[in-house]
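Undergrad: can you look at this prediction? I've put the sequence above it.
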Amino acid sequence: RTIPIKQRIEELSLAVNSQDRINAINALLLQLDHDDEKTHDEEIRQGAANALCQKLMIALSRKFHEHHDEIASICRALRFVYRCSAHVKNESFKQIGENLLPLLSKVVEHSGGTDPCEQFSAVHQNESAQPNVATTVDPTTHAFSQKPISTIRHPEALEGSLGALRNLSSAPAAEVLMSRHTGFLTLLLSVVSNKDISVDAKSNALNVIVNLAHCYENKASMVESRGLLDTLVECTLNKEDLIRNASACGLQNLTAHDENILIMVKHKSLLSAVVKLLGDENDETREFAAGTLQNLSVSRKNSIPLASFERGSVVNALLLVMAKDRHAVARNRSTWTLANILCAETLFSIQAHRGLLDTLAVVAAKDTLEDTRIQAALMFKTVVSLLQSKLIQYAAAFGKQRSQSHAVHSTNGTSTSSSNGASSGATVLPPKPS
């Protein structure tokens, strides 16, 4: 028969010696390994996260290499239980998050082979303390090692702790605290940059960054964070779909900020990376890439850089997605991006692309999304209108030049007509599109 979760939590809280703790953790772990959100909510309310946080603190106060199996199991249990609803997760983080964040981060450091601090700053509760009593860690006195992760000593503990951090990072209460916790982003980047770390661990570290970049208050500081943009861009080239997808989402989140888009458009490799992602095999990844370009195109200051980048490679990629992509959202975002870029200053560079008007006409008539059809139709009308306006301006300028040329000839009283009656004066012609 299944033992009630409350009893399992009490057994864990009362476990004193090492073997009893391991037995209690493993028994609890079996019951937490499911995907029922409502059941996880009840487990949190019964004190599962609090009890696990307390046991993790105790385990980390001892020699890591002697207790890494116990630590790995605790972290896996936390990863599972935080599959709860967003509301319950947020409330739990408000209660124990400031204590739990340094603990999980410490596991990442120890597992990854960085040098641990000799003394972990914490107030240890008695092992018989009630599970609903939050243990305390002063986050202001805890500092992460600044050395990059090198040798992976305990991969199970690393994956469990990063999985727990990923689930926690989606809680609104966690977003700002995590991004501003000293050394935390650097720690995550060291995980992502390590070639020996599993795809699961690397993906979870990236997704913590993605979740933190979703918070508007974090976006500006994260773009300025050393190495973060470079790492995300580099990950877009990764052979693993999970890694490319997470990095594409991270770039999209960071570009949803008025100041960031003016910085990010100038990054040496970002536009090339995003253009390549528009051809990714994953529908969602292409959607994120198109969303990144749409965000960048919101500022009129970016219209010319986007339209002219690498001889129009951005525009070419957008037109290809609009015409052939199977994913409706990617087509819609690409259409909006092109509409944002299009203006009088970019007209000639855009209209020079082969098949522009044909593509707009087909999309306006046949796309499955009404919004996409409307934007394509408006763009078609705008292109034609701008071209007509330019032709009228050139015709007027040409007529004015001829008029001025005749006036000068008459004043000087000198005939410059050739035998066929045509003026030999210089004629200003409309410029050709580049």
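TA: Right, received. Where do you want to start?

Undergrad: low pLDDT regions in the stretch 51-200 of the chain?
TA: Per-residue confidence for the stretch 51-200 of the chain (pLDDT under 70) gives these ranges: 112-151.

Undergrad: where do the helices of it begin and end?
TA: Using DSSP state H, counting those that start in this stretch, the helices assigned to the stretch 51-200 of the chain run over residues 68-81, 86-112, 155-169, 172-180, 184-192, 199-213.

Undergrad: for Arg300, find the nearest of those helices.
TA: helix 199-213 (24.2 Å; Cβ to Cβ). In this view, the C-beta of every residue, glycine as well, is placed from N, C-alpha and C.

Undergrad: assign Thr368 to helix, strand or coil.
TA: Following DSSP: H, G, I helix; E, B strand; the rest coil, Thr368 is assigned to coil.

Undergrad: wait, what's in contact with it?
TA: By Cβ atoms under 8 Å, 6 or more residues apart in numbering, the contact list for Thr368 reads Ala328.

Undergrad: try Val107
TA: So Val107 contacts Leu56, Leu60, Ile71, Cys75, Ala157, Leu158, Gly160, Ser161 (Cβ under 8 Å, 6+ apart).

Undergrad: now do 7 Å
TA: Ile71, Cys75, Ala157, Ser161 (Cβ atoms under 7 Å, 6 or more residues apart in numbering).

Undergrad: what's the answer for Gly250, then?
TA: Leu206, Ile209, Val210, Ala213, Leu232.

Undergrad: gap between the one helix or strand the last one maps to and the chain center?
TA: Read it as Leu232. Per DSSP states H and E, Leu232 falls inside helix 228-235. Relative to its chain's centre, helix 228-235 lies at 10 Å (Cα atoms, centre = their mean, to the nearest Å).

Undergrad: could the contacts of Val107 go into CSV alongside neighbour count?
TA: Shown next, in CSV, are those (neighbours: other Cβ atoms under 10 Å):
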residue, neighbour count
Ile71, 26
Cys75, 28
Ala157, 26
Ser161, 31
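
Undergrad: among those, which pair sits farthest apart?
TA: So, those by Cβ to Cβ: farthest apart are Ile71 and Ser161, at 8.2 Å.

Undergrad: what's the span of stretch 254-264, first residue to last?
TA: 9 Å (Cα to Cα, to the nearest Å).

Undergrad: mind listing what's buried along stretch 281-294?
TA: For stretch 281-294, a neighbour-count test (16 or more other Cβ atoms under 10 Å) marks Asn282, Thr285, Arg286, Glu287, Phe288, Ala289, Ala290, Gly291, Thr292, Leu293, Gln294 as buried.

Undergrad: contacts only, for Leu356.
TA: Leu319, Ile350, Val383.

Undergrad: helix or strand next in line after the helix or strand hosting the first one, which one?
TA: Going back to what we said before, that points to Leu319. For Leu319, the element it lies in under DSSP H and E is helix 313-324. Sequence order places helix 328-341 as the next helix or strand after helix 313-324, per DSSP H and E.

Undergrad: which element follows that next one toward the C-terminus?
TA: With elements assigned by DSSP H and E, the helix or strand that comes after helix 328-341 is helix 347-351.

Undergrad: ok, residues contacting that following helix?
TA: So helix 347-351 is contacted by Ala307, Ser308, Gly312, Val315, Leu342, Leu356, Val383, Leu386, Leu387, Pro433, Ser434 (Cβ under 7 Å, 6+ apart).

Undergrad: apply 10 Å and report the result again.
TA: Helix 347-351 is contacted by residues 303-304, 307-308, 311-312, 315, 318-319, 338, 341-343, 356-357, 379, 382-384, 386-387, 389-390, 431-434 when judged by Cβ atoms under 10 Å, 6 or more residues apart in numbering.

Undergrad: nearest spatial neighbour of Ala344, skipping sequence neighbours?
TA: Leu386 (6.1 Å; Cβ to Cβ, 6 or more residues apart in numbering).

Undergrad: hmm, I typed the wrong one, I wanted Asn260.
TA: In space, Asn260 is closest to Val223, 4.9 Å off (Cβ to Cβ, 6+ apart).

Undergrad: now the common contact residues for Ile71 and Ser161.
TA: In contact with both Ile71 and Ser161: Leu56, Leu103, Lys106, Val107, His110, Ser111, His154, using Cβ under 10 Å, 6+ apart.

Undergrad: among the residues you listed, which one lies nearest to Val191?
TA: Looking across these and measuring by Cβ to Cβ, the closest to Val191 is Ser111, at 9.6 Å.

Undergrad: that closest one touches Cys75, doesn't it?
TA: Yes. The pair Ser111 / Cys75 is scored as a contact, 9.1 Å apart, by Cβ atoms under 10 Å.

Undergrad: any common contacting residues for these two?
TA: In contact with both Ser111 and Cys75: Glu156, Ala157, Leu158, Glu159, Gly160, Ser161, Leu162, using Cβ under 10 Å, 6+ apart.

Undergrad: measure the spatially most central residue of the chain to Lys38 for me?
TA: Closest residue to the average C-alpha location of the chain: Gly250 at 0.7 Å, with Cα atoms, centre = their mean. Remark: distance between Gly250 and Lys38 (Cβ to Cβ, to the nearest Å) = 30 Å.

Undergrad: and for Glu98?
TA: According to Cβ to Cβ, Glu98 and Lys38 sit 27 Å apart.

Undergrad: out of the two, which sits in the more crowded spot?
TA: Just comparing Glu98 and Lys38: by other Cβ atoms under 10 Å the higher neighbour count belongs to Glu98, 19 against 10.

Undergrad: surely that one meets Leu177?
TA: Yes. Between Glu98 and Leu177 there is a contact under Cβ under 10 Å: 7.0 Å.

Undergrad: hmm, back to that, quick check: next helix or strand after the host helix or strand of the residue nearest to the centre of the chain?
TA: With secondary structure defined by DSSP H and E, Gly250 is part of helix 241-255. Next helix or strand after helix 241-255 toward the C-terminus (DSSP H and E): helix 260-264.

Undergrad: so for that next one, what's the average pLDDT?
TA: Here helix 260-264 scores 97 as its mean pLDDT.

Undergrad: mind giving me the packing neighbours of that helix?
TA: helix 216-224, helix 228-235, helix 241-255, helix 270-277, helix 283-296 (3 or more Cβ pairs under 10 Å, 6 or more residues apart in numbering; DSSP states H and E).
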